[in-house]
Structures are given as C-alpha cells and as structure tokens.
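Undergrad: next one to model:
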Amino acid sequence: MYPDAAPEQIEFFREHGYLLVRQALPQEALDELERHCDVLIAQKHELANDWAWSSGESRENRSFRIVQSSPAKVWAEIADQPYRHWLERFSSQLMGLDMTFWYDQFLGKPPGNSAVTEWHQDEAYWGRNLDDRGITGWIPLQDVDAGNGCMHFIDRGQRLGVLAHRLVDGVQSDLLTCDVDESSTVVCPMRRGDVVFHHSKTPHMSTANHGSAWRKAVTNHLQARGAGGEGGHYPWRVKVNQRTGERSPVGRDDATGRPAG
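TA: Residues are numbered from 1 along each chain as shown. As a prediction, this is how the structure comes out:
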C-alpha cells in the first residue's frame, strides 16, 4: 500500500495533467477520515461554509448545497497520518519538485439538493505564486461516478495557461468558473480507495449529486516548498466572509498592480 509513482504514471501525468491511482489508500484509513468528516456534516452550521451559497438565501437559511470545511478542524492528529505523508511523496514524484502539504478541504454534496462544481483551475483561485507549482490529490470516501459527483478533467488542459475566470451567476460565495472546450472532457469515475491527482492548471469540475447518499470527498492541496502559498491574485478573485456575507476583492490588475474593480 502507499505506492511510489511508476515512470509511466509520471509520464502520463505530465502529458495529460491528471492521474488516477487505483486503490492507493487502505480502507481503514478512509474509515477514520470519514468519521471525522461526518462530524463536519453534522455540525455544518458551526464548522463549515456553504460553498455554493445561493444569492437568494440568507446566511441563516443557507441550504449547504456544497459543505466546505477541513477535517483538521476536528482531527488534531491528521497531519501525522500516513496518507498525508504519501501525498507529499507521490506528488513530488509526479511534479519533479519538492512538494509539501498545504491545506485540505472536505467537500460534501448532499443527496437531492447539491450543486455542480463549475469548471475552474486551482491556480485561478491561488494566484501567480503557484504558477506551475501546485498539485491536488482528490480522495472520494465512496464510489463516485457522473451520477453522484465524480471529477471531470480537460485532457492536457494544464497547457492552456490560466484561463480568464468569473464569479458563478446566482451564487453568493466566491465560486469561480471559466469557459473550456468540453470536447476534451475526461470523466473520472472512481472506487473508494482510489486517488486522482491533477496539476494546478488543469481545468476540472464535478457534477451535482443525484444519488441517494452524501457524496463525500477530501481534496488535498500541495505546493512546491518555498512557493509561499496563495498570492499575486488574478483580477477576478474575491473572498466572501460567510459569517457576515461581506465580499472583498483581493485580485490585482497585472498591468497596474492596483486592486481590481
């Protein structure tokens, strides 16, 4: 268990911008991770954001179509877990860089009332600091397909540069989206125990959950050591305080260096 990246996997990742690793994680590790994520669902009003918060809903009446939080909020020992160390090692092999764990997110989609995670690139959120220096490992906590919210990628999309992004219409939170050529879409169904990696420039999305149970996933973001975290934000970037609803632009115009908008 916890394999190293084979030469053909490294070659595939660098060519296509994503890589599915079959049965990389032991079930008992996923069981423990899922137990903590279930706490985030049960206490979502205190511990989570609604990442697809509709602009027509008040903060008090958010429907939590995408529950966004971090298992680190309820699991003090998470940084010491073997899967975390494996993510660093495997990501370093794929990227050819010394990759270090940055942050994770639990993303839960409820059955019957969830939202699409629109096409986007991670670097569009993170900014210029992470130019070709980020990677994400996406871990589903159940089997996933297009019916309950699996990942979709644009094949070789990491070669496109950072595309122009915009806020998602009708959403109060700070979700971004971009236009892609969907003829290059790769649908990525997965079994519990699989992990899929994607480059920080690879456009990706996930469908809404039309299944009968929660779609639970933990997305793990890693950066090249010394990259400095997010910064040098693009002009479309805003942040929303989900405690107050306040929306703050943080992006800067590349030509002037002044705040956008």
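Undergrad: okay, now Val238: neighbour count?
TA: Neighbours of Val238 under the rule other C-beta atoms under 10 Å: 17. Every residue, glycine included, has its C-beta placed from N, CA and C.
Undergrad: how about it, what does it touch?
TA: By C-beta atoms under 8 Å, 6 or more residues apart in numbering, the residues touching Val238 are Leu167, Asp174, Arg247, Ser248, Pro249, Val250, Gly251.
Undergrad: so the residue sitting nearest the centre point of the chain bridges to which residues?
TA: Relative to the mean C-alpha position of the chain, the nearest C-alpha, by C-alpha atoms, centre = their mean, is the one of Thr219, at 4.8 Å. Thr219 forms beta bridges with Gln105, Trp138, as assigned by DSSP bridges.
Undergrad: right, and it touches Trp102 too?
TA: No: applying C-beta atoms under 8 Å, one finds Thr219 not in contact with Trp102, separated by 11.1 Å.
Undergrad: select the longest helix from this structure.
TA: Longest helix in the chain by number of residues (criterion: DSSP state H): helix 27-42.
Undergrad: distance from that helix to the middle of the chain?
TA: The chain centre lies 18 Å from the centre of helix 27-42; the measure is C-alpha atoms, centre = their mean, to the nearest Å.
Undergrad: contacts for that helix next, please.
TA: By C-beta under 8 Å, 6+ apart, the surrounding residues in contact with helix 27-42 are 47-48, 67, 69-71, 73-75, 78, 81-83, 106, 108, 139, 141, 192-193, 214, 216, 218.
Undergrad: and for stretch 105-112?
TA: 37, 40-41, 48, 51, 64-71, 115, 117, 148-149, 206, 208-219, 221.
Undergrad: pull out the buried members of those.
TA: Listed as buried from those are 37, 40-41, 48, 51, 64-71, 115, 117, 148-149, 206, 208-209, 211, 214-219, 221; burial here means 16 or more other C-beta atoms under 10 Å.
Undergrad: which ones among those residues are found in strands?
TA: Among the buried ones among the contacts of stretch 105-112, the ones falling in strands (DSSP state E) are Val67, Gln68, Ser69, Thr117, Ser206, Arg215, Lys216, Ala217, Val218, Thr219, His221.
Undergrad: export those residues to CSV and tack on distance to Ile10?
TA: Shown next, in CSV, are those (distance: C-beta to C-beta, whole Å):
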residue, distance to Ile10
Val67, 34
Gln68, 31
Ser69, 32
Thr117, 27
Ser206, 25
Arg215, 29
Lys216, 29
Ala217, 24
Val218, 24
Thr219, 21
His221, 20
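Undergrad: identify the farthest-apart pair in these.
TA: Pairwise distances across these peak at 19.2 Å for Arg215 and His221 (criterion: C-beta to C-beta).
Undergrad: right, and Asp155 touches His16 too?
TA: Yes: counting by C-beta under 8 Å, His16 is a contact partner of Asp155 at 5.6 Å.
Undergrad: mutual contacts of those two, please.
TA: With C-beta under 8 Å, 6+ apart as the test, Asp155 and His16 both reach Val186.
Undergrad: which residues in this structure form helices?
TA: 7-16, 27-42, 44-47, 82-95, 122-126.
Undergrad: between those helices, which one is nearest to Lys201?
TA: helix 122-126 (5.5 Å).
Undergrad: what distance separates the closest one from the middle of the whole chain?
TA: Computed by C-alpha atoms, centre = their mean, the separation of helix 122-126 from the middle of its chain amounts to 10 Å.
Undergrad: other SSEs contacting that helix?
TA: Packed against helix 122-126 by the contact rule (3 or more C-beta pairs under 8 Å, 6 or more residues apart in numbering; DSSP states H and E) you find strand 134-140, strand 176-178.
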